[in-house]
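Participant: Starting from these lines, generate the structure:
(one chain, ligands or ions: 2)
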Amino acid sequence: MGSANLSSRLELRERRRAIPPQARMAAAEAVADSLLLLAAGPDLHVAGYWAMDGELPLHVWQLKLRPNTVYCLPVLYEKSMQLKFAPWRSGDPLTTNRFGIPEPDLSPSSMFDVHQMSLIAMPLTGFDARCHRIGMGGGWYDRTLAFRQHNPAPPLAVGIGFDVQEVPAIELQPWDIPCDAIVTETRTLLRPST
Ligand SMILES: Nc1nc2c(c(=O)[nH]1)N(C=O)[C@@H](CNc1ccc(C(=O)N[C@@H](CCC(=O)O)C(=O)O)cc1)CN2
Ligand SMILES: Nc1ncnc2c1ncn2[C@@H]1O[C@H](COP(=O)(O)OP(=O)(O)OP(=O)(O)O)[C@@H](O)[C@H]1O
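Facilitator: Ligands and ions are numbered 1, 2, ... in the order given. Predicted structure coming up:
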């Protein structure tokens, strides 16, 4: 996750939680429209997340997706310590993972591998103008997207966060996978090409 230490990660999570409900709802609307512009093709598989701990909610985006786009949630696949992606629609059964986050209740064989995804929206704890990200510290997205170190998109890796989560500069660690884009309630940042 770069140079941010534990206390700044906690501080950034605190900032995220402090967003008032109305601003949070408005942000969910704005981010939905920006995400729809980023992934516009037919028959897409896209991944969101079940927002918790003040994360920017993606339910508006999910509701606005084209009918042939498959919305998925991340699932912890302990065998490889990577994420798989499971299709989920409102009403489908859920279970909870070891962090207490809801996951679709499906067998791993019905889940999608990262290579089958077109776009993965990742919750940010912090980000900088170069599209470097700080996550929750588990390394789940970094391990899952490690092949992107040497391969182009897809999947497009899109960080989602509020403007207040921006920090001056995040130093990349060798395993860090930068975002291709970061979407906030006011902006879409595209990663500089160098
Ligand atoms: N909504 C959401 N889903 C997600 C993530 C996420 O950050 N947000 N993940 C992103 O990687 C993955 C899960 N990784 C996670 C890693 C750490 C913690 C976490 O809350 N750690 C707590 C300690 C929780 C505990 O052990 O009981 C903490 O640091 O306070 C959560 C998720 C996949 N799904
Ligand atoms: N490709 C990888 N191979 C092996 N271990 C990795 C890899 N990527 C990350 N890790 C491990 O994960 C740990 C946490 O990484 P980091 O602090 O960057 O997480 P994060 O990016 O904030 O979390 P997340 O990716 O879940 O949002 C690292 O210390 C590292 O040990």
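Participant: For this protein, give me the ranges with low pLDDT.
Facilitator: For the chain, the stretches with pLDDT under 70 are 1-7, 194.
Participant: quick one: what helix or strand has the residue minimising distance to the centre of the chain in it?
Facilitator: What sits nearest the mean C-alpha location of the chain, by CA atoms, centre = their mean, is residue 122, with 0.9 Å. Element membership of residue 122, judged by DSSP states H and E, is strand 119-123.
Participant: Name the next helix or strand following that strand along the chain.
Facilitator: Next element after strand 119-123 (DSSP H and E): strand 126-127.
Participant: For that following strand, name the packing helices and strands.
Facilitator: Helices and strands touching strand 126-127, by 3 or more CB pairs under 8 Å, 6 or more residues apart in numbering; DSSP states H and E, are helix 6-17, strand 133-134. Bear in mind the C-beta positions are built from the backbone N, C-alpha and C, glycine included.
Participant: Give me the angle between the helix or strand that comes right after the first one and strand 119-123.
Facilitator: Which is helix 6-17. Where DSSP H and E defines the elements, the next helix or strand beyond helix 6-17 is helix 21-38. Interaxial angle of helix 21-38 relative to strand 119-123 (axes from the mean of the first three to the mean of the last three CA atoms, to 10 degrees): 160 degrees.
Participant: Counting by contacts, list what helix 21-38 packs against.
Facilitator: Against helix 21-38 (3+ CB pairs under 8 Å, 6+ apart) you get helix 59-64, strand 119-123, strand 156-160, strand 181-183, strand 188-190.
Participant: Looking at these, which is nearest to ligand 2?
Facilitator: strand 119-123 (6.5 Å; CB to the nearest ligand atom).
Participant: for that closest one, which positions count as buried?
Facilitator: Applying a neighbour-count criterion of 16 or more other CB atoms under 10 Å, one finds 119-123 buried in strand 119-123.
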